[in-house]
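> Have a look at this prediction, sequence included:
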Amino acid sequence: SSLAGFGPFGEHAVNASWIAVQELEKLGLRDDVDLHVYEVPVEYQTVQRLIPALWKKHSPQLVVHVGVSGMATTVTLEKCGHNVGYKGLDNCRFCPGSQCCVEGGPECIDSIIDMDAVSSRVSALGLDVTVTISRDAGR
């Protein structure tokens with residue numbers, strides 16, 4: 001499995017998603033799980049090169065991208081990732097003219113993970129964590 005936390009951006013001098021991924025790496029998962037963690041720069045072009053290269057290198061069964069949002073008040077499980085509507089500049093002050101992450105790619109990629117079941121299982125643990133589900137991942 002692979003985990004990807006994101007690097008600093010905007011007002012986030014330290015991206016909490018990367019801190020969380022590093023903590024999970026310290027804790028580890030089961031002994032039979034190979035866990036690879038990466039800090040992904042908040043740069044459109046780097047992501048377009050790096051993510052496919054990591055898939056090719058590791059052939060993971062699962063990849064989890066962990067991000068941070070200044071607007072979120074809960075842990076948000078995203079049901080889909082969007083390809084269109086990217087208007088913000090990245091850390092290199094670049095934004096794709098097409099406002100797409102992947103030219104000619106699908107408008108939305110749906111997760112095959114049952115996020116409702118994940119949310120229910122987290123809630124059943126009785127942790128002091130609120131989990132919500134979204135179909136509108138940030139851009």
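Structure received. These numbers come from a predicted model, not from an experiment.
> and the gap between the residue most central in space within the chain and residue 54?
Nearest to the mean C-alpha position of the chain, counting by CA atoms, centre = their mean, stands residue 65 at 2.3 Å. Counting by CB to CB, to the nearest Å, the gap from residue 65 to residue 54 is 11 Å. The C-beta positions use only the backbone N, C-alpha and C, and glycine is treated the same way.
> shared neighbours of the two, anything?
residue 4 (CB atoms under 8 Å, 6 or more residues apart in numbering).
> Excluding chain neighbours, give the residue nearest to residue 103 in space.
residue 96 (7.9 Å; CB to CB, 6 or more residues apart in numbering).
> Could you pull up phi and psi at that neighbour?
Main-chain torsions, residue 96, degrees, to the nearest 10: phi -60, psi 130.
> Spit out the contact partners of it.
Contacts of residue 96 by CB under 8 Å, 6+ apart are 44, 86, 103.
> do you know how far the last one is from residue 73?
For residue 103, the distance to residue 73 equals 34 Å [CB to CB].
> tell me the secondary structure for the most far-flung residue of the chain relative to its centre?
In the chain, residue 126 marks the outermost C-alpha relative to the chain mean, sitting 24.5 Å out by CA atoms, centre = their mean. Taking DSSP: H, G, I helix; E, B strand; the rest coil as the rule, one finds residue 126 in the coil state.
> Alright, calling it a day.
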